[in-house]
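Student: From the sequence below, what's the structure:
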Amino acid sequence: MTPKLPINIDDLLHHRTVENERIEYKEGWNPESILHTLCAFANDFHNLGGGYVLVGVAEKNGQPQLPPAGLLPDQIDAIQKELLNLGHSAIAPHYHPLTATYEIQGKTILVLWAPGGETRPYKAKTSLSKKSDWAYYLRKHTSTVKASGRDERELLSLAATVPFDDRYRQTANLSDLSPYLMRDFLHDISSELVGEARDLDIETLGRRMNVVGGPSEMAFPKNVGLLFFNEQPEQFFPATQIDVVYFPDGAGGDHFEEKVFQGPLGRITRDALDYINRNYLKEGVTKHADRPQAERFWNFPLAAIEEAVVNAVYHRSYEIREPIEVRIDGQELVVLSFPGPDRSIRLQDLQAGKAVSRRYRNRRIGEFLKELDLTEGRSTGVPKILRVMKANGSPEPVFETDDERSYFLIRLPVHKGFLVDEDIASVATMQVTEQVTEQVTEQVMRLLQALLEEPMSTKALLEALSLTHRPTFLQNYLQPALALTLIEMTQPDSPRSPTQKYRLTNLGKQVLATKNTHQ
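Tutor: This is a model prediction of the structure:
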């Protein structure tokens, strides 16, 4: 069985999940040029996650020419043998890409996957002659170049520094990786590797997906593998979660709703976005007298929220014990994560959508999010948020951090169509309160007064009201108050919970205040 890679080959050929600068096309086998490119990908100067070399595919103006030129079977065998030799003799430290063959429009091509190396910086021979110098190579946009001057010094400073998500987790073992989650991921991205994944042991599958590293006698899962393919990654990385908090009465109100999402990173990202979409996004319509078309808009456009949340998942530090928090009220939706953007990024550039990060904190998390179609690529999130908010007719988003870059906050203001004039709202509230007050019986008012200080259970309310007959309490006190939304359960999802209590709503407080005023 021919081994496959954890990618969708069609997406790779059409740059859907991998940027141009991470792909190089070669119509034929050119060992010297390909060696230099592999060295550059291994050095992964910008922490983008290495790259791919597609042998047997010609290119024109950076685009693959299809159908491909292709390779013959004996050529592929010879190339793989030469690659093994070059990895030992022509690059230092030793480095070997993962390889796979694919049939594209009747032709066979060889794909070399060169992840960012674990022991950078890497040097390669400048030529394959017997007497050759050695040099460091980097990727500059879509080209491979020798490192020199400042770039070489910076590359050397990266020695032995591997991004957190690509490091081994020595407190974990391979059994902490779920083969079911790994196969589900391969199925979701339509990778050809899914066909053989069931027959591979966890170490082999993990190495094919580059979420396992180290020698065979002491293999460890990588942090990115535990974040995506463990059911409880928070046991290794505390606060790996997304908290969605809704304040129906505003951030200063007493009441709020909270939903916590924990689990594999891809799953909680999708689940949190789906939850926000189902519960808190609303479409508004404005009709105009001068034209037949109505104006449609959202309180918060989903695409902007997706980019803000995925940006936080991608760029937060999983060494900091702080969750990603999404706060929603009638004025704005806020996404908070820790820490902030790199100091090389100026806040004014960020606000203008022109910021480009020089180096990424998590090179592997970004790869998996792109494969899952949760993000488009590097440095596209902020411009897209700006573009989507404008298209929805929303106010401009606001990006905040401090001088220490200890946090990053994205504010998405609500569309003005969902803002209610305070004077109108005050009058409307007064009218509603007066209408409800007229329906409040003496028994319900006694119940509201009993709940004025704190939430109370049914038993406590019976005692406070000096009642012994439970059916009478339910029929004349509790049920009418609930029907008028003057009180609410503290655990609405578990109405029969033994710890259930009842508390005043804002309307209940207003009715009580109105009644006291008239007395």
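Student: Below-threshold pLDDT in the stretch 1-150 of the chain: ranges please.
Tutor: Within the stretch 1-150 of the chain, the segments meeting pLDDT under 70 span 1-2.
Student: so where's the stretch 301-450 of the chain uncertain?
Tutor: Low-confidence segments of the stretch 301-450 of the chain (pLDDT under 70): 344, 350-359, 376-380, 420-438.
Student: Tell me where it has strands.
Tutor: With DSSP state E, counting those that start in this stretch as the criterion, the stretch 301-450 of the chain has strands at 324-328, 332-337, 398-400, 408-413.
Student: Dump those to a markdown table, plus distance to L138 and mean neighbour count.
Tutor: (Glycine included, C-beta is placed from N, CA and C.) Formatted as a markdown table, these follow (distance: least, CB to CB, whole Å; neighbours: other CB atoms under 10 Å):
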| stretch | distance to L138 | mean neighbour count |
| --- | --- | --- |
| strand 324-328 | 33 | 22 |
| strand 332-337 | 30 | 22 |
| strand 398-400 | 30 | 17 |
| strand 408-413 | 28 | 22 |
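Student: Now render those as a markdown table, adding distance to G51.
Tutor: Output for the strands of the stretch 301-450 of the chain, formatted as a markdown table (distance: least, CB to CB, whole Å):
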| stretch | distance to G51 |
| --- | --- |
| strand 324-328 | 29 |
| strand 332-337 | 27 |
| strand 398-400 | 30 |
| strand 408-413 | 28 |
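Student: The ones you listed: which one's closest to G381?
Tutor: strand 408-413 (9.3 Å; CB to CB).
Student: Identify the residues contacting that closest one?
Tutor: The contact list for strand 408-413 (CB atoms under 8 Å, 6 or more residues apart in numbering) reads 300, 304-305, 308, 311-312, 315, 331-341, 385, 389, 394-401.
Student: Which strand or helix spans the nearest residue to D373 once chain neighbours are set aside?
Tutor: Take D373 and drop its neighbours on the chain: the residue closest to it by CB to CB, 6 or more residues apart in numbering is T17, 7.7 Å away. Using DSSP states H and E, T17 maps to neither a helix nor a strand.
Student: neighbours of the closest residue to P67 other than its chain neighbours, just the number please.
Tutor: Sequence neighbours aside, Q105 is the residue nearest to P67 in space, at 3.8 Å (criterion: CB to CB, 6+ apart). By other CB atoms under 10 Å, 9 other residues sit near Q105.
Student: Equivalent analysis for the one 4 residues further on, please.
Tutor: Residues contacting I109 under the criterion other CB under 10 Å number 24.
Student: From L181, how far out is the most centrally placed residue in the chain?
Tutor: Centroid check for the chain by CA atoms, centre = their mean gives V310 as the closest residue, at 3.0 Å. Using CB to CB, to the nearest Å, V310 is found at 19 Å from L181.
Student: Likewise for M456?
Tutor: Separation of M456 from L181 (CB to CB): 45 Å.
Student: do the same with N392
Tutor: Separation of N392 from L181 (CB to CB): 35 Å.
Student: right, and K4 touches S190 too?
Tutor: No: counting by CB atoms under 8 Å, K4 stays clear of S190, with 11.5 Å between them.
Student: which neighbours do these two share?
Tutor: In contact with both K4 and S190: no residue, using CB under 8 Å, 6+ apart.
Student: Compare these two and say which is more crowded by neighbours.
Tutor: More neighbours surround K4 than the other of K4 and S190, with 21 against 13 (other CB under 10 Å).
Student: pretty sure that one belongs to a strand, no?
Tutor: No: under DSSP: H, G, I helix; E, B strand; the rest coil, K4 sits outside any strand and is assigned coil.
Student: Report the contact partners of it.
Tutor: Contacts of K4 (CB under 8 Å, 6+ apart): A100, Y102, S191, E192, L193, G195, E196, R208.
Student: Let me have those in JSON lines, adding neighbour count, secondary structure and distance to A92 as columns.
Tutor: Shown next, in JSON lines, are the contacts of K4 (neighbours: other CB atoms under 10 Å; DSSP: H, G, I helix; E, B strand; the rest coil; distance: CB to CB, whole Å):
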{"residue": "A100", "neighbour count": "19", "secondary structure": "strand", "distance to A92": "25"}
{"residue": "Y102", "neighbour count": "21", "secondary structure": "strand", "distance to A92": "30"}
{"residue": "S191", "neighbour count": "22", "secondary structure": "coil", "distance to A92": "32"}
{"residue": "E192", "neighbour count": "19", "secondary structure": "coil", "distance to A92": "33"}
{"residue": "L193", "neighbour count": "23", "secondary structure": "coil", "distance to A92": "30"}
{"residue": "G195", "neighbour count": "11", "secondary structure": "helix", "distance to A92": "36"}
{"residue": "E196", "neighbour count": "16", "secondary structure": "helix", "distance to A92": "33"}
{"residue": "R208", "neighbour count": "23", "secondary structure": "helix", "distance to A92": "25"}
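Student: Greatest separation within those residues: which pair is it?
Tutor: For the contacts of K4, the maximum inter-member distance is 14.4 Å, found between Y102 and R208 (CB to CB).
Student: re the thing from before, I'd like to know how far the residue nearest to P67 sits from G70.
Tutor: 9 Å.
Student: that older thread, would you turn the contacts of K4 into CSV with distance to A90?
Tutor: Below are these laid out as CSV (distance: CB to CB, whole Å):
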residue, distance to A90
A100, 22
Y102, 26
S191, 30
E192, 30
L193, 28
G195, 34
E196, 31
R208, 24
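Student: Please tell me I have it right and L451 contacts K509.
Tutor: No: with contact defined as CB under 8 Å, L451 does not count as touching K509 (9.6 Å).
Student: Comparing these two, which shows the higher neighbour count?
Tutor: Using other CB under 10 Å as the criterion, L451 and K509 rank with L451 on top: 23 against 17.
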